[in-house]
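K.L.:
Give me coordinates for this.
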Amino acid sequence: MDIIISNSAGTPIYEQITQQVKGLILRGELREGEALPSMRLLAKELRISVITTKRAYEELEREGFLTTVPGKGCFVAARNLELVREDCLRRMEERLSQAVNIAKGGGITLAEMTGALNILYGDE
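P.N.:
Sure thing, here's the model as predicted:
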């Protein structure tokens, strides 16, 4: 499982872990029932605190992405990935709506906004 942590990012490390694990699950790179590294092993690999990995795993479990089996570890939970994707789309649309309002208020054209989105998404 490849997770890249940035200490200079404005996002807390546990959130970086949760976002990347969610992405791996949603893209099918981590499948239902697949074991995740232990909290200690992940902390060692990323050179971070076990407390941080514990918080990330707890967040993922709370959101239904992971399930913990005492004495065996953490596993990718059974989920309806289409419902998860729909939730992601809904949250994206809410934030894009906010961005559109800001752009319109600042006189930014659709072409400029599309260009910025392409750059942020990594297509340019």
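K.L.:
rest of the way, CA atoms for contacts and neighbours
P.N.:
Will do.
K.L.:
after the worst-scoring helix or strand of the chain on mean pLDDT comes which helix or strand?
P.N.:
Ranking every helix and strand in the chain by mean pLDDT, DSSP states H and E puts helix 81-105 at the bottom, with a mean of 87. Next helix or strand after helix 81-105 toward the C-terminus (DSSP states H and E): helix 110-121.
K.L.:
Where does pLDDT dip in this structure?
P.N.:
Flagging of the chain using pLDDT under 70 yields the residue ranges 80, 123-124.
K.L.:
tell me the domain ranges of it?
P.N.:
Following automatic domain parsing, one gets these domains for the chain: 13-76, 81-121.
K.L.:
need these in JSON lines with mean neighbour count and distance to Ile4, can you?
P.N.:
JSON lines is the format used below for those (neighbours: other CA atoms under 10 Å; distance: least, CA to CA, whole Å):
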{"stretch": "domain 13-76", "mean neighbour count": "16", "distance to Ile4": "8"}
{"stretch": "domain 81-121", "mean neighbour count": "12", "distance to Ile4": "17"}
